[in-house]
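1. Using only what follows, build the 3D model:
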Amino acid sequence: MRATRREEISNYLIYIKKEKEIFTMRKVKRIKNVLCVLLATIISLVSMTTVKADGEVAPYEDMENATLLQKECYDLDEDTMIEITTYEKSIPSFARSSWKTKTGTRTYRIINKKSNTVFVRYILKGTFKYNGKSAQCTDATTECKVFVPNVYNVITNRAEKAGNTVLGYFYCTHVKTGKGMGGTFSIKCAANGTLTIN
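-> This next block holds a predicted model:
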């Protein structure tokens, strides 16, 4: 009887131990599943953020204060188009001065019409100050990014100030065909702050 009782107790303890192991394994599996879902969600969010940044329509984060001046689109061929957008944005000044400040940008994109993929993006940005009597360009910068490698080679990418005008120079060629595109871009600021583009 005692031996039988001991065997029952021993078997019961073994059973409890196995149940604990099974419970622990299930718990670990659940945690792994949750972590996998979280990791997949994070990767998805990062990918969405990257795509959004690459496909940025306007070079301003604060779109409420940016004004679209012009948008031009024309076809290069059946699959490719050029899009050129121009924006202006007034910069608030807290100092007492007769001078006001604004920025102007011209963004040049080479886009695949079917997939809406941007191959290359060139942004010319000029900062201007004006006071009603005169105006001048105080800063000239460019930003050029190739989103799809081995399709276009960027040959020229620069900017310069010229009085009240910012000048941008951009030129690239197609890797396979050798076809070139781009040109000289300008934004001019009048004494009253009106921007004209070319």
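
2. Now do the helices in this structure.
-> Secondary structure of the chain by DSSP state H: the helices cover 2-54.

3. Helix or strand with the lowest mean pLDDT in it?
-> Lowest by mean pLDDT, DSSP states H and E among the helices and strands of the chain is helix 2-54, with a mean of 59.

4. mind saving the C-alpha coords of stretch 104-117 as CSV?
-> Once non-C-alpha atoms are left out, stretch 104-117 reads as follows in CSV (Å, rounded to 0.1, in the frame of the first residue of the first chain):
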residue,chain,number,x,y,z
GLY,A,104,11.1,80.1,-53.4
THR,A,105,11.7,76.6,-54.7
ARG,A,106,11.6,74.9,-58.1
THR,A,107,11.4,71.2,-58.0
TYR,A,108,12.2,69.1,-61.1
ARG,A,109,11.2,65.5,-61.2
ILE,A,110,11.6,62.7,-63.7
ILE,A,111,8.7,60.3,-63.2
ASN,A,112,7.6,56.9,-64.5
LYS,A,113,4.0,57.6,-65.7
LYS,A,114,2.7,54.0,-65.1
SER,A,115,4.1,53.4,-61.6
ASN,A,116,4.4,57.1,-60.5
THR,A,117,8.0,56.3,-59.4
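
5. what mean pLDDT would you report for it?
-> In this model, stretch 104-117 has a mean pLDDT of 93.

6. do the same with stretch 165-174
-> pLDDT averaged over stretch 165-174 gives 96.

7. buried stuff in that stretch?
-> Buried residues in stretch 165-174, counted by 16 or more other Cβ atoms under 10 Å: 165-170, 172, 174. Every C-beta, even on glycine, is put in place using the N, C-alpha and C of the backbone.

8. among the residues you listed, which are in strands?
-> 165-170, 172, 174 (DSSP state E).

9. could those be laid out in CSV, adding distance to Met181?
-> Formatted as CSV, these follow (distance: Cβ to Cβ, whole Å):
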residue, distance to Met181
Thr165, 23
Val166, 21
Leu167, 18
Gly168, 14
Tyr169, 13
Phe170, 9
Cys172, 6
His174, 8
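
10. how about those, which pair is most distant?
-> Comparing all pairs in these by Cβ to Cβ, the longest separation belongs to Thr165 and His174, at 30.0 Å.

11. so what's the closest residue to Lys179 other than its chain neighbours bridging to?
-> Of all residues not flanking Lys179 in the chain, Thr173 sits nearest, at 6.6 Å (Cβ to Cβ, 6 or more residues apart in numbering). Judged by DSSP bridges, the bridge partners of Thr173 are Asn153, Gly180.
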